[in-house]
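Engineer: how does the following fold in three dimensions:
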Amino acid sequence: MSGAGGEGGWDGFDEADGGDRSTGAGGERSSGADRSTGAGGAGDARTRGAGGGESSGRVLVAVVLLFLALLGAAGLKSYRDLQTARAGETQLETRIEETRRGIDRLRGRIDRLRVDPAMLERLAREDLGMVRPRDVVIELPAAQPNASRP
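Structural biologist: Residues are numbered from 1 along each chain as shown. Take a look at the predicted model:
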């Protein structure tokens, strides 16, 4: 049992475990439980793997279903957001069209004011209360809705 080399001693061989370890072709050491021909080796691993496979399969199915549920929820939210955005876009397009019609109406009025002196005079009389020098102004009292008639 010398400490150098590979014969006994410090080479990982433990006599207390009954010499159950051996060296493989590449120099790796393996225990009897790891060998496929050992008493408790591969048969136990297959039994454990089969039961674990069902369990891991169920976990995998659960994870996939959870992922699909989250993906569906995100897709539904995105769809609703898209519908809301489209409705907002339609409202904005309607407002833009109304504003363009208002702009066209005001441009037409500006053009008439530039070209039509009768319209300009009418607006000056109605909106600003202007009169010509020879006009007679008669002011009527404002009608009071609560006043009783005799």
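Engineer: what are the boundaries of the strands in this protein?
Structural biologist: Secondary structure of the chain (DSSP state E): strands located at 22-23, 29-30.
Engineer: do you know how far E89 is from I96?
Structural biologist: Distance from E89 to I96, counting by Cβ to Cβ, to the nearest Å: 10 Å. The way it works is simple: take the backbone N, C-alpha and C, and place the C-beta from them, glycine included.
Engineer: what do you get for K77?
Structural biologist: Distance from K77 to I96, by Cβ to Cβ: 28 Å.
Engineer: what does V59 give?
Structural biologist: For V59 relative to I96 (Cβ to Cβ), the value is 54 Å.
Engineer: and for L113?
Structural biologist: 26 Å.
Engineer: in this structure, where's the longest helix?
Structural biologist: helix 42-115 (DSSP state H).
Engineer: which strands and helices sit next to that one?
Structural biologist: helix 117-128 (3 or more Cβ pairs under 8 Å, 6 or more residues apart in numbering; DSSP states H and E).
Engineer: need the residues that contact the helix it packs on.
Structural biologist: With Cβ atoms under 8 Å, 6 or more residues apart in numbering as the test, helix 117-128 has contacts from 112-113, 130-131.
Engineer: try stretch 134-147
Structural biologist: The contact list for stretch 134-147, computed with Cβ under 8 Å, 6+ apart, reads V131.
Engineer: alpha carbons of that stretch, as CSV, please.
Structural biologist: Extracted in CSV, the C-alpha atoms of stretch 134-147 (Å, rounded to 0.1, in the frame of the first residue of the first chain):
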residue,chain,number,x,y,z
ARG,A,134,-78.0,109.1,-42.9
ASP,A,135,-79.6,106.1,-41.2
VAL,A,136,-82.1,106.6,-38.5
VAL,A,137,-81.6,104.3,-35.5
ILE,A,138,-84.6,103.2,-33.5
GLU,A,139,-83.8,101.2,-30.4
LEU,A,140,-86.5,99.0,-29.0
PRO,A,141,-86.4,97.9,-25.4
ALA,A,142,-85.5,94.3,-24.9
ALA,A,143,-88.5,92.1,-24.2
GLN,A,144,-88.7,90.9,-20.7
PRO,A,145,-90.3,87.5,-20.4
ASN,A,146,-91.5,88.0,-16.8
ALA,A,147,-93.2,91.4,-17.5
